[in-house]
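> What follows is a predicted protein model with its sequence.
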Amino acid sequence: MSEQAGEAVPAAQKGSWTSFLKSLAGFTGDLSAMTAPPFILSPTSLTEFPAYWCERPELFAAIADEKTEQARASAVLKWFISTLKGQYTSRNESMGSEKKPLNPVLGELFYGYWPANATRGGKTTLVVEQVSHHPPITAYRIENAQKGVVLTGHNAQKTSFSAGSIIVKQVGHAVLTVSLPSGEIEEYLITLPRLRIDGLWYGSPYIELAETSYIQSSTGWLSTIEYKGKGYFSGKSHTFKATLTPPAHVSTSPHVIEGTWHTTSKDMHSGAAFHDVTSPKEEITVAPIDEQSEWESRKLWFGVAKGIREGDFETAATFKGKIENEQRQRRRDESASGTTWELKHFKHIDNDPVYERLGRLFKAQPPTEDAYVYLNNGPHS
């Protein structure tokens with residue numbers, strides 16, 4: 001890594017980067033509303049991020065093919081670990097460093113799919129809706145109907161600045177369900193890791209995962225995933241240790257998996273390879289821009305994204321300002337008429353019974369959490 005402050009910052013942007021770091025250091029509260037310097041902006045809206053859950057759709061589908069509770073719990077863990085590279089390091093590989101995604105507008109939509117094939121059976125579909133703007137909350141639904149595997153969840157971030165890093169507490173959870181041939185439904189509650197964004201001093205931010213996340217199955221199997229990042233003096237980037245613990249009535253030893261989540265890992269007992277994400281991922285298929293509605297991400301942000309990709313930050317800022325002003329006016333109009341925005345694909349509930357029931361098994365914090373229930377009315381329905 002460069003040793004000089006701002007080494008990775010374009011010369012023309014050094015002043016704004018220095019100002020940004022100073023404002024970060026003195027900022028208290030949530031950072032999500034802060035305006036970042038143009039060179040650190042991503043041309044992608046946060047509503048596209050749920051696609052990262054399924055960029056290896058064959059692993060998502062394979063969960064349903066396993067014949068035992070233990071094998072399915074292990075397959076869910078393997079799929080989950082395999083999503084982390086796309087979610088948390090892919091921008092570094094494609095754009096040179098972590099970028100700040102575009103902050104979605106309320107009601108923004110993102111649709112896509114991964115086509116059917118012999119390996120994974122039917123088509124896997126994605127529906128995403130921005131269900132809140134302040135705070136930003138994104139709800140999503142991924143489904144392979146033929147395999148009977150469904151993921152529903154929501155995600156928000158609370159960000160703060162500490163000791164030279166941005167700390168991101170991810171708020172929300174996901175629930176994966178598997179419809180078994182017997183007619184039973186298995187459920188998996190998935191909690192989210194905390195993030196630490198380092199490398200700010202050099203102008204080359206990257207994400208490290210921190211603390212612990214969990215995957216609790218309704219069958220009693222629990223995956224506890226501990227994230228160990230690179231410290232100042234030691235450690236390897238993106239290291240994790242996952243322990244798959246059986247329910248009390250099953251007399252088998254826990255399985256321990258160790259490795260780096262952005263490359264490979266192995267079963268520490270057998271030595272067998274566990275996950276491997278060194279091969280190319282599969283991008284989601286999305287309708288052409290001219291076939292999208294005005295609320296769909298890539299059409300909505302087209303002018304902004306084009307400006308960012310071409311380095312024309314002035315044009316990007318003009319389009320971005322226009323979108324944000326339209327949103328502010330829409331909120332003012334709603335306030336004046338006493339109406340509120342109606343969600344299209346999801347319904348908010350204050351307490352998720354699945355989270356509460358499965359969370360109790362590993363003493364989840366918080367003990368209850370809200371959720372967004374999918375209304376089964378997406379374009380693929």
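Okay, I see it.
> Now do the buried residues in the helix or strand residue 335 falls within.
Residue 335 is part of helix 313-337, with elements assigned from DSSP states H and E. Of all the residues in helix 313-337, those buried under the rule 16 or more other CB atoms under 10 Å are 313, 316, 317, 319, 320, 323. For glycine as for every other residue, the C-beta is placed from the backbone atoms N, C-alpha and C.
> possible to save those as TSV with distance to residue 346?
What follows is the buried residues of helix 313-337, written out as TSV (distance: CB to CB, whole Å):
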residue	distance to residue 346
313	34
316	30
317	31
319	27
320	26
323	22
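> between these, which is nearest residue 133?
residue 323 (11.8 Å; CB to CB).
> okay but that closest one is in contact with residue 300, surely?
Yes: here residue 323 lies in contact with residue 300, judged by CB atoms under 8 Å, at a distance of 6.9 Å.
> where do the contact lists of these two overlap?
Here residue 323 and residue 300 have residue 105 as joint contacts, going by CB atoms under 8 Å, 6 or more residues apart in numbering.
> after the helix holding residue 335 comes which helix or strand?
That would be, after helix 313-337 and using DSSP H and E, strand 346-349.
> Name every strand pairing with that following strand and say which way it goes.
Applying DSSP bridges, strand 346-349 is found paired with strand 371-374 (antiparallel).
> Pairing partners for the helix or strand containing residue 160, with directions?
Residue 160 is part of strand 149-162 when elements are defined by DSSP H and E. Using DSSP bridges, the strands paired with strand 149-162 are strand 137-144 (antiparallel), strand 165-179 (antiparallel).
> just curious, which of the buried residues of helix 313-337 is nearest to residue 111?
Using CB to CB, the buried residues of helix 313-337 come closest to residue 111 at residue 323, 19.3 Å.
> okay, the closest one: pLDDT?
Residue 323 is assigned 93 on the pLDDT scale.
> Relative to residue 222, which of the strands paired with strand 149-162 is closest?
Short answer: strand 165-179, nearest of those by CB to CB, at 14.1 Å.
> Now do the strands in the stretch 51-200 of the chain.
Along the stretch 51-200 of the chain, counting by DSSP state E, counting those that start in this stretch, strands occupy 100-102, 109-114, 124-132, 137-144, 149-162, 165-179, 185-190, 194-198.
> now the fourth one, how far from the centre of its chain.
Read it as strand 137-144. 10 Å (CA atoms, centre = their mean, to the nearest Å).
> and what of the third one?
Taking CA atoms, centre = their mean, the mean C-alpha location of strand 124-132 is offset from the chain mean by 12 Å.
> Poorly predicted segments of this structure, please.
1-9, 12, 27-34, 37-39, 90-97, 230-234 (pLDDT under 70).
> what's the neighbour count on residue 253?
Residue 253 has 9 neighbours, counted by other CB atoms under 10 Å.
> Sweet, I'm off.
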